[in-house]
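**Student:** sequence and computational prediction follow.
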Amino acid sequence: MTTTPSASASEELEQQGRSAQKRRAILDAATGVFLQKGYLATNMDEIAALAAVSKQTVYKNFPGKETLFVEIVSSVTSRTGDRVHNEMPDLADGEDVAEYLQRYAYRQLTIVLTPRVMQLRRLVIGEVGRFPDLAKALFDGGPKRAMAAMAALFVRLADRGLLAIDDPAVAASQFNWLIMGEPLNRAMLLGDDAIPKPAELRRHAAAGVRVFLASYGK
């Protein structure tokens, strides 16, 4: 026997859906304003107007500008990390380890090296004196999480006899900077126009993997 939700339950679900949409609209609007104007020049009135909600609705969801800024940095960092690490399948049986690591490296490069992520990183670095904990959260959710995921991957590959690794954390750090170091520095310091094109990123990923496997391959 099936049951249908009561009218009040349906209304509650509908209200929750509307609230979630408004919250998403606020975050999207605020992200654009923060990235365009910086933290100090951003005001809640403009965010409310762009999100097409009342100022009271903004403050109902986020008590202040600092809370909103923290939420944006945390959510963008988490979503970026999820796309890199959680959605990448393990190496299939019979798959070439070099090709797999090249795909992993290229995936990390293309997901991290986007204008929005680079702009957010620059903004957080510029506000590190005001929000030191936020910079730590960005590091923990970004590079630190990436290297932990890589270390776990390398352990699995070593257990399968595909890599020879004594210290997975060191190997992960080396892989991360072989892959990310030069393109990330270029994008951070020279601006969005300096983000390498896909073909260049593929060549860079392949070269980094060759160096890595020269030390850790079997």
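**Tutor:** Okay, I see it.
**Student:** quick one: low-confidence ranges for this structure?
**Tutor:** 1-7, 9-16 (pLDDT under 70).
**Student:** hey, where'd the helices end up in it?
**Tutor:** 7-37, 44-51, 55-61, 65-81, 97-112, 115-126, 132-139, 145-159, 168-190, 198-216 (DSSP state H).
**Student:** which residues sit against stretch 97-113?
**Tutor:** Applying C-beta atoms under 8 Å, 6 or more residues apart in numbering, the external contacts of stretch 97-113 come out as 80, 83-84, 88, 91, 117, 142, 146, 153, 157, 162-163, 175, 179-180, 183-184, 187, 195-196, 198, 201-202, 204-206, 208-210, 212-213, 217. C-beta coordinates here come from the backbone N, C-alpha and C atoms, glycine included.
**Student:** okay, buried residues for it please.
**Tutor:** For stretch 97-113, burial by neighbour count (16 or more other C-beta atoms under 10 Å) applies to 97, 100-113.
**Student:** now, which of those sits nearest residue 135?
**Tutor:** The closest of these to residue 135 turns out to be residue 112 (C-beta to C-beta; 16.6 Å).
**Student:** burial of the nearest residue to residue 119 once chain neighbours are set aside, as a residue count?
**Tutor:** The spatially closest residue to residue 119, leaving aside those adjacent along the chain, is residue 35, at 4.5 Å (C-beta to C-beta, 6 or more residues apart in numbering). Neighbourhood size, residue 35 [other C-beta atoms under 10 Å]: 17.
**Student:** same check on residue 208?
**Tutor:** A total of 25 residues lie near residue 208 under the criterion other C-beta under 10 Å.
**Student:** from here on, call the first residue 17.
**Tutor:** OK, 17 is where the count begins now, so the last one is residue 224.
**Student:** got a list of what it touches?
**Tutor:** For residue 224, the contact set (C-beta under 8 Å, 6+ apart) comprises 121, 191, 194-195.
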